[in-house]
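**Q** following is a predicted model, sequence given first.
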Amino acid sequence: MRILLATSNPNKLREVREILAPTGFEVVGLDSLPEQPPEPAEDETTFEGNARLKAVAYARATNYRCLAEDSGLEVDALDGAPGVYSARYASAEGSREQRDRANNEKLLQELSGVPPEERGARFVCAMCLADPDGSIVAETQGRYEGLIADAPRGDNGFGYDPLLYLPDVGLTSAELSPEEKNARSHRGAAARAMARVLERLAPH
Ligand code: IMP
């Protein structure tokens, strides 16, 4: 009945858990394991590749059916950067909050002077589910489109959420409630597609 979500990011765990709850599978994060498995190097150049390598490595190391996700921000004016380097765009040092703040500041600097019509961007999420023998059970993706704002707004979410402006509602992603974000986010879409796969599988 248990699936390991290969993350220690509490925000990602909460977002995914909420969507997979109706499948009957219990989603646990890395922090709930008695011993931390070795962390694989995320050295692929695509979100799909990194999600796959994490799912397989953690499933083999823990003997759990394992769900991994890799996500990030693609900015059109930066030719798709920061992409798979989103988490460590400005620096790999400091707490999660410090890195998020530095990343947002760097992104705003890189885009200074870029007009609104050229500030298109999207969050992308790739998910992969793997079995303890290393076989891949399913792979799903999701995208979350917006524009990069001129300044951060909102206190919800994490990462670049305060900078992803959603023109249809006039709010940033960090100004949405968790439910509203899940309903339209990249991770929400990938997790809902994964939930449809899980509903066809017997709980493991
Ligand atoms: P990962 O944890 O290595 O997959 O890094 C993903 C990075 O992409 C995060 O640290 C954030 O900077 C960014 N990111 C991914 N998903 C989101 C989201 O839902 N909101 C804001 N930032 C996100």
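**A** Sure, I can see it.
**Q** thought residue 71 was touching residue 122?
**A** No: the criterion here is CB atoms under 8 Å, and residue 71 misses it with residue 122 at 10.7 Å. Every residue, glycine included, has its C-beta placed from N, CA and C.
**Q** shared neighbours of those two, which are they?
**A** Here residue 71 and residue 122 have residue 186 as joint contacts, going by CB atoms under 8 Å, 6 or more residues apart in numbering.
**Q** those two: which is more packed in?
**A** Neighbours were counted for residue 71 and for residue 122 using other CB atoms under 10 Å; residue 71 has more, 26 against 18.
**Q** tell me the phi and psi of residue 145?
**A** Here is the backbone geometry of residue 145 (degrees, to the nearest 10): phi -90, psi 150.
**Q** now it: closest residue in space, sequence neighbours ignored.
**A** Sequence neighbours aside, residue 122 is the residue nearest to residue 145 in space, at 4.7 Å (criterion: CB to CB, 6 or more residues apart in numbering).
**Q** relative to the host helix or strand of that neighbour, what are the paired strands and their orientations?
**A** Element membership for residue 122 (DSSP states H and E) is strand 120-130. With DSSP bridges as the test, strand 120-130 is paired with strand 65-75 (antiparallel), strand 136-148 (antiparallel).
**Q** can you show me the CA trace of it as PDB?
**A** C-alpha atoms of strand 120-130 as PDB (Å, rounded to 0.1, in the frame of the first residue of the first chain):
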ATOM      1  CA  GLY A 120       6.900  33.500 -21.200                       C
ATOM      2  CA  ALA A 121       7.900  30.600 -19.000                       C
ATOM      3  CA  ARG A 122       6.600  27.300 -17.600                       C
ATOM      4  CA  PHE A 123       7.200  24.900 -14.800                       C
ATOM      5  CA  VAL A 124       7.800  21.400 -16.100                       C
ATOM      6  CA  CYS A 125       7.500  18.200 -14.100                       C
ATOM      7  CA  ALA A 126       8.400  14.600 -15.100                       C
ATOM      8  CA  MET A 127       7.400  11.700 -12.900                       C
ATOM      9  CA  CYS A 128       8.600   8.100 -13.000                       C
ATOM     10  CA  LEU A 129       7.300   5.100 -11.000                       C
ATOM     11  CA  ALA A 130       9.800   2.200 -10.600                       C
END
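**Q** what residues sit buried inside that strand?
**A** Residues of strand 120-130 classed as buried: 121, 122, 123, 124, 125, 126, 127, 128, 129, 130 (neighbour count, 16 or more other CB atoms under 10 Å).
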